[in-house]
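Student: Show me the folded form of this:
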Amino acid sequence: MPARLEATNSPLNRYLDSVKHLPTSPTLLIKMIKLFRQPDRDIDEIVSLMQMDPAFTAEVLRRCNSSFFGSEEPVFDVGEAIFRLGFYEVYRMNVSMFGWQAVSKAKDMKCYPLQRLWEHCAITAIAAGTMARELEESEGVAFTAGLLHDVGKIALAAADGNAYEELLQQQGNFGPGLSEAEHARFGFSHGEIGAQLLHRWGVPQEISVPVLCHHQMGWDGPLERVGAILNLADQMAHCIQDETAEKPCHLPEGMKATAFLKVAPERAPALEQAVREEVKRSLSLFSVQGMN
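Tutor: Presented below is the predicted three-dimensional model:
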């Protein structure tokens, strides 16, 4: 993590200290991340952890009993729900619930309504997780970084709502140009603010570093591979959201990311198709119902 993001009295930290109504530290999520990183997970430990949050437990049971998973017999026990869904699906639910709580802290800007921002974060997470799986990187790390990659925008909207909305109207909602405009206006980009906030919460660098570097045009080192994946996932999510027909995404800004990841041009269409199929399959799981 760059030194400027670790300094306790840095301008970036002082800016975050001044922001009211930031999302609270995701205690359950941090513990779930630690469990997810363990190769041999104890299901009893997972159940005990989930039972610390009755709202989350109820949401897991609701989703397990939904038509999406096609359960013939209703599930009333969280251990059985984990057995049926798998820990990764339960983990995704936890990340999505926290992600929605974080997004809902932002002011509802006319140029970028909360529901659209949330949908973008969800599609980015699905895309990042899918691409990471295909490229033999950590699916859970990429998914989590994807869902939280715009948390810095929430901080900017909370601190400087009118000014930030004006900037978005002038610059657009995404791309490296937005990061440059944020830096010029506020002194930090949403990637820097988001990474610092995650760092404060104790989120591992495997997740905060990709959030930090998801808009840069050059990457270096193993942690930044997920940053490059996140860069592609972010662009693809905007393409999927904005298109009027299912035509291939044209991602000229993604060429450096694909080169860094050593994705051959002929493989790109299959990678995009895998993302689209997974978005169709699982986007409904990110409904805000039950996430209040």
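
Student: Helices along the stretch 151-292 of the chain, start to end?
Tutor: For the stretch 151-292 of the chain, the helices defined by DSSP state H, counting those that start in this stretch occupy 151-159, 161-171, 176-186, 190-201, 205-213, 223-242, 255-260, 268-282.

Student: What residues of the fifth one count as buried?
Tutor: Within helix 205-213, the residues that qualify as buried by neighbour count (16 or more other C-beta atoms under 10 Å) are 206-213. Any C-beta I mention is one placed from the backbone N, CA and C, and that applies to glycine too.

Student: what does the fourth one give?
Tutor: Along helix 190-201, the positions that meet the burial threshold by neighbour count (16+ other C-beta under 10 Å) are 190-199, 201.

Student: What of stretch 278-288?
Tutor: Within stretch 278-288, the residues that count as buried by 16+ other C-beta under 10 Å are 278-279, 282, 285-286.

Student: Return the member of those residues nearest to H238.
Tutor: V279 (12.7 Å; C-beta to C-beta).

Student: mind listing what the closest residue to that closest one other than its chain neighbours touches?
Tutor: Nearest non-adjacent residue to V279, counting by C-beta to C-beta, 6 or more residues apart in numbering: I126, 5.2 Å away. For I126, the contacting residues are 143, 146, 275, 278-279, 282-283, by C-beta atoms under 8 Å, 6 or more residues apart in numbering.

Student: same question, V141
Tutor: By C-beta under 8 Å, 6+ apart, the residues touching V141 are 132, 206-207, 210, 226.

Student: picking up where we left off before, now the buried residues of stretch 278-288 as TSV including distance to E45 and pLDDT?
Tutor: Converted to TSV, the buried residues of stretch 278-288 look like this (distance: C-beta to C-beta, whole Å; pLDDT from 0 to 100):
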residue	distance to E45	pLDDT
E278	28	92
V279	32	91
S282	26	84
L285	24	74
F286	26	78
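
Student: With respect to L49, which of those is nearest?
Tutor: Closest to L49, out of all of the buried residues of stretch 278-288 and judged by C-beta to C-beta, is L285, at 20.4 Å.

Student: Quick check: that closest one touching V95?
Tutor: No. Judged on C-beta atoms under 8 Å, L285 makes no contact with V95 at a distance of 11.1 Å.

Student: which stretches of the stretch 151-292 of the chain aren't confidently modelled?
Tutor: 244-246, 288-292 (pLDDT under 70).

Student: swap the cut-off to 80 and go again
Tutor: Low-confidence segments of the stretch 151-292 of the chain, defined by pLDDT under 80: 161, 172-176, 217-218, 220-223, 242-248, 250-254, 284-292.

Student: Kindly report the same for the stretch 1-150 of the chain.
Tutor: Applying pLDDT under 80 to the stretch 1-150 of the chain flags the ranges 1-9, 20-25, 36-43, 51, 55-56, 59, 63-73, 75, 84, 104-113.

Student: Quick one: the helices in it, in order.
Tutor: Remark: helices assigned in the stretch 1-150 of the chain by DSSP H, counting those that start in this stretch are 11-18, 27-36, 43-50, 54-64, 78-85, 87-103, 114-134, 139-148.
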